[in-house]
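>>> Give the three-dimensional model of this entry:
(one chain, ligands or ions: 2)
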Amino acid sequence: MKEKEFENIFLEKSIGEINQIPAKTLTEIALSGRSNVGKSSLLNSIISKKIAYTSKNAGKTILINFYKAKNFRIADVPGYGFSLKSRNEKTRFNKLTDEYFNSKRPDCVLQLIDSRHDLHDNDKQMINFLSETKIKFYIILTKVDKLSNSQYEQFYLNLKSQISIISQNYSEIIGVSAKTGLNINKIRSLIISEAKNSR
Ligand SMILES: Nc1nc2c(ncn2[C@@H]2O[C@H](COP(=O)(O)OP(=O)(O)OP(=O)(O)O)[C@@H](O)[C@H]2O)c(=O)[nH]1
Ligand SMILES: [Mg+2]
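Ligands and ions are numbered 1, 2, ... in the order given. Just a heads-up that it's a prediction; the model follows:
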């Protein structure tokens, strides 16, 4: 029963400044990716509840939200590459995201890429960063339901070759859909096994 591990998860803390971060007492899995890529939607699918706020408008999550379960935490980190906020707001959350990843705190990162778009420069920078800092990471292709099987196959192969130029250090590439539930169980399993491995 994979769902059981996610049953009692709750929003423990939302932080706007890095010094408000909860003590690192558990394995931490971070959701990373551009604004609107589907981080909060993925989280809601994993825990089968609408706990994280999602939106059509990019830049919804401007705080780092920590969701706590018995054996792990999931950090929903503000999306990068968002430019609609006021200058100050933008500086603040980019700084927060930077500081969070620079602290090398997450044990594992789910790096989300929208399966309708090519890799952006900031995705490449992020993958490069994860690779260099040796943080364990998975590449998660989101919104797969929007593509036909052959479009997906083409996208997958193209992306794989683009990523291999930057890094060979990723664990796996997994296509998901928060809409149809594709591979959500697989993501649950990997979170549970990461929590076991790094304990
Ligand atoms: N069709 C489809 N739409 C999705 C999927 N996942 C997310 N979306 C849509 O994409 C939009 C953005 O999703 P969010 O989960 O809010 O994205 P986010 O990465 O948390 O965005 P920020 O908080 O702004 O960084 C919403 O309109 C979602 O309904 C999916 O698997 N399939
Ligand atoms: Mg979000």
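>>> Show me the shaky parts of the chain.
Across the chain, the stretches falling below the confidence threshold (pLDDT under 70) are 1-2, 57-61, 81-93, 199.
>>> Residues of it that sit close to ligand 1?
Proximity of the chain to ligand 1, by C-beta under 6 Å from any ligand atom, involves residues 33, 35-41, 54-56, 58-61, 78-79, 142-143, 145-146, 177-179. C-beta coordinates here come from the backbone N, C-alpha and C atoms, glycine included.
>>> contacting residues for the closest residue to F155 other than its chain neighbours?
Among residues not flanking F155 along the chain, S115 sits closest, at 5.5 Å (C-beta to C-beta, 6 or more residues apart in numbering). Contact partners of S115, counting by C-beta atoms under 8 Å, 6 or more residues apart in numbering, are L141, T142, K143, V144, K146, L147, Y152, F155, G175.
>>> From the residues you listed, pick the one nearest ligand 2.
Taking C-beta to the ion as the measure, ligand 2 lies nearest T142 of these, at 11.7 Å.
>>> Beta-bridge partners for the closest one, please?
Partner residues in beta bridges with T142, using DSSP bridges, are D114.
>>> In contact with it, which residues are there?
T142 sits in contact with G33, V37, G38, S41, L42, L112, I113, D114, S115, V176, S177, A178, where contact means C-beta under 8 Å, 6+ apart.
>>> Kindly recompute the last result at 7 Å.
V37, G38, L42, L112, I113, D114, S115, V176 (C-beta atoms under 7 Å, 6 or more residues apart in numbering).
>>> and what of T27?
Contact partners of T27, counting by C-beta under 7 Å, 6+ apart, are N71, F72, D107, E194, A195, S198, R199.
>>> What lies in contact with stretch 119-134?
32, 34, 80-81, 101, 104, 109, 111, 113, 137, 159, 162-163, 166-167, 169.
>>> Actually, stretch 71-83.
The set of residues that contact stretch 71-83 without belonging to it, under C-beta under 7 Å, 6+ apart, is 5, 26-37, 39-40, 43, 52, 58-59, 61-67, 90, 93-94, 96-97, 100, 106, 120, 122, 191, 195.
>>> Narrow those to just the buried residues.
In terms of neighbour count (16 or more other C-beta atoms under 10 Å), the buried residues within those are 5, 26-37, 39-40, 43, 52, 58-59, 61-67, 93, 96-97, 100, 106, 191, 195.
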